[in-house]
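>>> Sequence and predicted model, in that order:
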Amino acid sequence: MLTSLQKAIELILTGNRELGNILLVTARMCLASSLISLLIGAPVGIWLGAAEFPGRRIFVVIFRTLMGMPPVVCGLLMYMLFSGVGPFRKYKLLFTVTIMVIAQVVLITPLVIANMETYVSSLAQTVKETAKGLDFGFWKTLLLLANECVYPLFSTYLLAFARSVAEVGAVSMVGGAIAWKTNVMTTAIMLYTNRGDFTLGVALGIILIAISLLVNIAVTVMQRRLSR
Amino acid sequence: MRIGACKKTYGRRVVLNCPEMFYEPGLIYAVAGPNGSGKSTYAKIAAGVIRPDGNVKVTDGKEVVRYMPQKSFPFRMSVEKNILLFGGDRKRAEMLMEALGLAELKKQSAAVLSGGETAKMALARVLMRPCDLLILDEPAAAMEMEAAVRTESLIDEYRRECGCAVLLVTHDLSQARRMADEALFFFRGELREHGKADQVLRHPEKEETRRFLDFYGGRITEG
Amino acid sequence: MKKLLSRLMAGALVTGMITGTAVSAVSAAESTVTSAAESMAEVSTVILKEADDNMINTYSLLAVNPDAPFVDADGNPVSDVTLNTAGAEALIDWFLSEEAMTLAAEYGQEEYGDSLFYLLEGAPVFEGEIAPASEETSVIRLSTTTSVNDSGLLGALLPVFESEYGYTVEVQSAGTGKAIAAAKDGNADLILVHAKSQEEEFVDGGFSYVLPGFESERLSFLYNYFVLCGPSDDPAGVKDCESVLDAFAAIADGKYPFISRGDGSGTHTKELSLWPEALGITDAPESFADYTDWYTSANAGMGACLVMAEEMGAYILTDKATFLTFQANGGNM
């Protein structure tokens, strides 16, 4: 562990070019997939938590099930769709960052939806009663409900980011861990581990955790500022 | 002000079955009854928060109904903003906050209020604009005696100003006796008794009403 | 495990000392680090058998045929698969040029003091002009096995090719089975693999073709040996065995612990061919159900398997490059 820590510090200080590229690709992928998932998932989750229609429970169960989808299965599905012989071959997306983001969005959006749904449904009833009692219409009620979601939105984002940055099954499948192109932190750790170079693997792991820590601190500070 | 006949069942259990009622503008109606008698359900249906069986419309839709639920939601903003939601008369807000003893709390986040303070804020919020029918579900349940009495004069003032009918769902018989012009007594989802407040709350006709009054502190304790 | 524990304890000791203010404490801590580092550099797993003809490992290049009978997941034919055939041809031509062959044969001498790959005698040689990259042909997708990529050979060779001819080679490495499957799915322009039977199947299926100037679809050009490793005290005595086949028989006879990749990789395929036939060990889990007291099917990468072997004092078949990296890292976790 000590040698790994030493190596991690060394890697950062010497400005290793490949590591720089891996970090860049990781950042691009994680930010894109977590933000897109949040943009799609949060409105759907809020709506699902607040709406009343027959079959709502079925949707909730579906999203909760999708939340447990193994990343490899998601990766495999995307691989088959976008592979050279797959139905979407003409888009030529396999082994690109774009397809990694798409796979992660498919993986993470249900998580965002289910998380927001759980939160919203716990307070939707009282909020709606109160708003209706004050003679507010649909849009004002929705606005009030959305305002209640600011705090959990940040926690949900962190969850999405954590899932994205830690995920390896789907991204290695559709990204192929190609050096200088689609190799991210997790796939790089896998490669080094398989190569028997545990020191470098753990070093990357330490950097990964450090980045996660920084992101968590930043988002938590923002959460406290904005939701006061 | 008309509230149509309505029925509400959950599964096989009938929680409410009430005939069509007419409420005179300017009068206060106490809605009394033991737990589970259907009085809150009635308030919710009249307020349009839940739909009765068969999805029938109970109001004509022209009148403005304002309703304060038993558990009003404190929105994640300051007390003042909660009361002034989507704009409102600042002076009136100041007056209400002053009257309810919220003036010192006005910049505070509503999320940290106590149960009684939240109820006061919710009452101020619902009294901000005029309406045709005001429905209050246990507005003073969480307040101390002194504050509860103060809310009574506010409610009284409000109905005089805008000439609305008031449905006051309450456990507190002394409050009902002090405020109400008429009273409704619910038991097991049925409207059992309806008439002048004095009569229903002091000299009821029905056996269930009598038993309820006995249980809640005697029939003739209040002057 | 014991090693890991002692290392953690050393770490705790160091942290404790560094947080102290005295400078002398820090320097003392540093000396602890070095001694800990020295002690962990010892790997008790050593090479016991190598350079045995039964463990030869031949690497071949195959260009993917643009007119191959590609099918989609439901078995329907797919005709419009896009491949960079010109790029694949250029890269194969270069791999078989004198420049690349020399680089490959020298690879590893500097770092490990020993070549990791040898030139195959009678390998096809390309002497013509190599086409430089054009806009459409500049990206080449090479699907290869982990052992090739992990040895660092491609990392040493490809930059030379890329800078000289303007191509970008996207290397995608997986177990041999998966690497070939990727090509069958139209996701690679060429493959570099080391499993003869699977390569022949690929050719027979029409997925490869003969490039101009060559005689065969399978262009074998490098080889090396798998090595049989195990604890240095060698309880099964494989060192003294005549051949690797006898060594495997000795391990099985004495039921000495053995770690198998168990993942359908080239190394796994090779290992399966070395057990005495009577045992009937194949890649099917039932085939070794009776041997689980000594035979561990890890279903993991080479590095992870080596750690396992080191911890358990087990025998293991590995490619030499990964073992040397493992050894150089002191079996470090």
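The structure has been received and is ready for your questions.
>>> C:I130: neighbouring residues, count only.
A count of nearby residues for C:I130, using other Cβ atoms under 10 Å in any protein chain shown, gives 17. For every residue, glycine as well, the C-beta is placed using N, CA and C.
>>> Skip the chain neighbours and tell me the closest residue to the residue of chain C at minimum distance from chain A.
Minimum separation of chain C from chain A (Cβ to the nearest Cβ) falls at C:G186, amounting to 2.2 Å. Of all residues not flanking C:G186 in the chain, A:G84 sits nearest, at 2.2 Å (Cβ to Cβ, 6 or more residues apart in numbering or on different chains).
>>> do the same with B:R125
B:I83 (5.0 Å).
>>> my guess is the residue of chain C closest to chain A meets C:D80, correct?
No - C:G186 is not in contact with C:D80 according to Cβ atoms under 8 Å; the separation is 9.5 Å.
>>> So for the two, which residue has more residues nearby?
Neighbour totals were compared for C:G186 and C:D80, and C:G186 leads with 25 against 10 (other Cβ under 10 Å).
>>> Mind giving me the packing neighbours of the lengthiest helix in chain B?
Identified as the longest helix of chain B according to DSSP state H is helix B:145-162. When contacts are defined as 3 or more Cβ pairs under 8 Å, 6 or more residues apart in numbering or on different chains; DSSP states H and E, helix B:145-162 packs onto strand B:28-32, helix B:90-100, helix B:115-126, strand B:133-137, strand B:165-169, helix B:173-179.
>>> export the first one as CSV, just CAs?
What follows is strand B:28-32 as a C-alpha-only set of coordinates in CSV (Å, rounded to 0.1, in the frame of the first residue of the first chain):
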residue,chain,number,x,y,z
ILE,B,28,-69.2,29.4,11.0
TYR,B,29,-69.9,25.6,11.0
ALA,B,30,-68.2,23.4,13.5
VAL,B,31,-67.6,19.9,12.2
ALA,B,32,-67.3,17.6,15.1
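>>> just to revisit the earlier point, pLDDT score for the residue of chain C closest to chain A?
Looking at C:G186, its pLDDT stands at 93.
>>> Per-residue pLDDT of residue 159, please?
As the question left the chain open, I've gone with chain A. pLDDT, A:L159: 93.
>>> Hmm, no, I was thinking of chain C.
Looking at C:P159, the pLDDT reads 95.
>>> Give me the residues contacting stretch C:68-79.
With contacts defined as Cβ atoms under 8 Å, 6 or more residues apart in numbering or on different chains, stretch C:68-79 is touched by A:80, A:84-87, A:89, C:81, C:184-186, C:205-208.
>>> Which helix or strand contains the most centrally placed residue in chain C?
Closest residue to the average C-alpha location of chain C: C:S147 at 1.6 Å, with Cα atoms, centre = their mean. If you go by DSSP states H and E, C:S147 is part of helix C:146-150.
>>> So what touches that helix?
So helix C:146-150 is contacted by A:191, A:194-196, C:59, C:154-155, C:171, C:173-175, C:192-194, C:265-267, C:301-302, C:319, C:321-322, C:325 (Cβ under 8 Å, 6+ apart).
>>> count of neighbours near C:S115?
By the measure other Cβ under 10 Å, the count of residues near C:S115 is 15.
>>> C:V210 too?
Neighbourhood size, C:V210 [other Cβ under 10 Å]: 14.
>>> quick one: contacts for A:F59?
A:F59 makes contact with A:L48, according to Cβ under 8 Å, 6+ apart.
>>> For it, which three-state class applies?
Secondary structure state of A:F59, per DSSP: H, G, I helix; E, B strand; the rest coil, is helix.
>>> Could you measure from the residue of chain A found nearest chain B over to A:G68?
The minimum distance from chain A to chain B, using Cβ to the nearest Cβ, falls at A:G133 (3.4 Å). From A:G133 over to A:G68 the distance is 39 Å, taken as Cβ to Cβ, to the nearest Å.
>>> again with C:D240
C:D240 is 54 Å from A:G68, by Cβ to Cβ.
>>> ditto for A:A103
Going from A:A103 to A:G68 by Cβ to Cβ gives 16 Å.
>>> Near A:P70, how many residues? Count them for me, please.
With other Cβ under 10 Å as criterion, A:P70 counts 11.
>>> beta partners for the residue positioned nearest the centre of chain B?
By Cα atoms, centre = their mean, the mean C-alpha position of chain B lies nearest to B:L136, the distance being 1.9 Å. Counting by DSSP bridges, B:L136 forms beta bridges with B:M68, B:L168.
>>> show me the residues around it that make contact.
For B:L136, the contact set (Cβ under 8 Å, 6+ apart) comprises B:Y67, B:M68, B:L123, B:V126, B:I155, B:V166, B:L167, B:L168, B:V169.
>>> And these, which is closest to B:G4?
Checking those against B:G4 by Cβ to Cβ gives B:L167 as the nearest, at 14.5 Å.
>>> Kindly tell me how buried the closest one is, as a neighbour count.
26.
>>> Skip the chain neighbours and tell me the closest residue to it.
Counting by Cβ to Cβ, 6+ apart, B:I135 is the residue found nearest to B:L167 once chain neighbours are left out, at 4.5 Å.
>>> Let me know whether that neighbour touches B:S40 as I believe.
No - using Cβ under 8 Å, B:I135 is not in contact with B:S40, being 10.2 Å away.
>>> if I look at the closest residue to B:A176 other than its chain neighbours, how far off is chain C?
Spatial nearest neighbour of B:A176, chain neighbours left out: B:A30 (3.7 Å); criterion: Cβ to Cβ, 6+ apart. As judged by Cβ to the nearest Cβ, to the nearest Å, B:A30 and chain C stand 71 Å apart.
>>> Contacts only, for B:A30.
When contacts are counted by Cβ under 8 Å, 6+ apart, B:A30 is found next to B:L168, B:T170, B:A176, B:M179, B:A180, B:E182, B:A183, B:L184, B:A197, B:L201.
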